[in-house]
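In: Have a look at this prediction, sequence included:
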Amino acid sequence: MKRAIILMNMGGPNNLDEVKVFLHNMFNDKYIIGAPQPIRAMIAKFIIFKRIDEAKGNYKELGGMSPIVGHTKRLVRRLNKIVDADVFHEMRYTPPFASEVLQKVKDYDEIYAIPMYPHYSSTTTKSSWEDLIKNAKKMGIDTNKIKTIDKYYDNKLYNKTIVERIKEALQGDDSKEFELVFSAHGLTQRTIDKGDLYQKHILANVECAKKELEEQGIKFKKIHVAYQSRLGPLEWLRPYMEDKLKEIKDKVIIYPISFTVDNSETEFELDIEYKEVADELGIEDYRVAKTPNHHPYFLAALKDIYEEMKDL
Ligand SMILES: C=CC1=C(C)c2cc3[nH]c(cc4nc(cc5[nH]c(cc1n2)c(C)c5CCC(=O)O)C(CCC(=O)O)=C4C)c(C)c3C=C
Ligand SMILES: [Fe+2]
Ligand SMILES: [Fe+2]
């Protein structure tokens with residue numbers, strides 16, 4: 001029996017020339033920009049024109065590529081060592097695309113597609129899954145042998161990983177002196193109003209992580225939720241991160257809850273951009289926790305999820 005696991009992620013530029021490819025594919029995704037074609041293509045062209053220089057500048061500061069690439073590849077290598085399947089990854093907006101990876105696994109008996117998103121959203125989970133299935137059908141692959149999972153924000157080992165990452169950020173300091181902000185990637189209010197489950201899942205994940213903190217006797221001065229990465233003129237999920245930071249008294253740990261591997265939103269937006277905002281606001285101690293990445297508990301969580309999917 002030959003089994004494959006495909007980790008499905010968003011992607012990020014592998015080099016500066018791919019910044020345009022990334023933005024082009026993202027803004028031509030009907031789940032990101034809801035407008036019909038050819039209006040969507042026009043909106044995409046306009047946003048890319050406005051955004052490309054700044055985005056390139058940001059990725060340049062990160063060494064000319066997105067950190068999501070290296071973190072995802074390392075996760076694949078580590079997971080490969082502990083499961084009875086061959087592990088691959090595919091990206092929605094940058095290479096390796098679904099078609100390339102499906103070519104490698106087309107003759108496998110079972111294919112397990114695990115989203116790198118613990119929370120279900122039409123903009124991420126659904127978009128990746130639909131794209132994978134569309135490509136599989138095009139290639140004549142029997143789609144009955146491909147399984148997926150919608151969400152795993154409530155997985156115990158995943159939540160234990162979150163707490164481990166928060167403890168690492170504390171570096172042995174007293175948690176009671178800190179406020180904790182769970183920072184989620186934003187989504188337009190319009191998407192939520194259309195029934196997207198993302199916000200519900202984020203808030204439920206925060207409750208699971210809080211329970212894990214309580215079980216381990218870790219207390220914070222206050223625990224908050226905020227949304228980062230707003231873009232354009234629409235109303236996005238609130239509270240916005242820049243407003244939340246104004247409420248922080250003096251010491252804060254930010255936990256980036258939307259992601260399972262670090263990426264430009266954590267290593268640029270949170271580590272650099274919001275750090276500058278925090279400095280200007282006079283926040284004395286601003287720390288960003290790492291995402292799960294290849295933490296042994298997260299690897300165990302993924303193994304757990306895969307084993308459960310086998311029984312479905
Ligand atoms: C309308 C725009 C966007 C929606 C909706 C959106 C949803 C969404 N995104 C992630 C995860 C990531 N997004 C990342 C980058 C990124 N996201 C948007 C826009 C929307 N995202 C843009 C324009 C960008 C590019 C960066 C920039 O130009 O500022 C990334 C990082 C990728 C990387 O290069 O490392 C991730 C990861 C989630 C989870 C989500 C909805 C739930
Ligand atoms: Fe995004
Ligand atoms: Fe952002």
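Out: That came through fine. Residues are numbered from 1 along each chain as shown. Ligands and ions are numbered 1, 2, ... in the order given.
In: Every contact and neighbour count from this point should use C-alpha atoms.
Out: Fine.
In: and the stretch 151-300 of the chain, which residues reach ligand 1?
Out: 185, 187, 258, 263-265 (Cα under 6 Å from any ligand atom).
In: could you redo the last one with a cut-off of 5 Å?
Out: 187, 263-264 (Cα under 5 Å from any ligand atom).
In: Just give me the neighbour total for the residue in the stretch 101-250 of the chain positioned nearest to ligand 1.
Out: Nearest residue of the stretch 101-250 of the chain to ligand 1: Leu187, at 4.9 Å (Cα to the nearest ligand atom). A count of nearby residues for Leu187, using other Cα atoms under 10 Å, gives 24.
In: cool, Gln103 as well?
Out: 13.
In: now the helix or strand hosting it, how far from the chain's geometric center?
Out: Using DSSP states H and E, Gln103 sits in helix 98-105. How far helix 98-105 lies from its chain's middle: 22 Å, per Cα atoms, centre = their mean, to the nearest Å.
In: now stretch 113-129
Out: With Cα atoms, centre = their mean, you get 9 Å for stretch 113-129.
In: For that stretch, give the mean pLDDT please.
Out: Averaged across stretch 113-129, pLDDT comes to 98.
In: now do stretch 143-155
Out: 98.
In: end to end, how far does it reach?
Out: End-to-end distance for stretch 143-155: 26 Å, by Cα to Cα, to the nearest Å.
In: And it, what's buried?
Out: If you call a residue buried by 16 or more other Cα atoms under 10 Å, then stretch 143-155 has these buried ones: 146-149, 151-155.
In: Now render these as CSV, adding distance to Ser66 and secondary structure.
Out: Shown next, in CSV, are the buried residues of stretch 143-155 (distance: Cα to Cα, whole Å; DSSP: H, G, I helix; E, B strand; the rest coil):
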residue, distance to Ser66, secondary structure
Ile146, 29, strand
Lys147, 28, strand
Thr148, 26, strand
Ile149, 26, coil
Lys151, 25, coil
Tyr152, 25, coil
Tyr153, 24, coil
Asp154, 28, coil
Asn155, 27, coil
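In: domains in the protein, as residue ranges please.
Out: Split into domains by automatic domain parsing, the chain comes to 3-152+295-310, 156-288.
In: Can you tell me which helices and strands whichever helix in the chain runs longest packs against?
Out: In the chain, taking DSSP state H as the definition, the longest helix is helix 39-61. Counting contacts by 3 or more Cα pairs under 8 Å, 6 or more residues apart in numbering; DSSP states H and E, helix 39-61 packs against helix 18-27.
In: now for the helix it packs on, which elements pack on it?
Out: helix 39-61.
In: circling back to that earlier point, what's the most distant pair in the buried residues of stretch 143-155?
Out: The most widely separated members of the buried residues of stretch 143-155 are Ile146 and Asp154, with 23.0 Å between them, by Cα to Cα.
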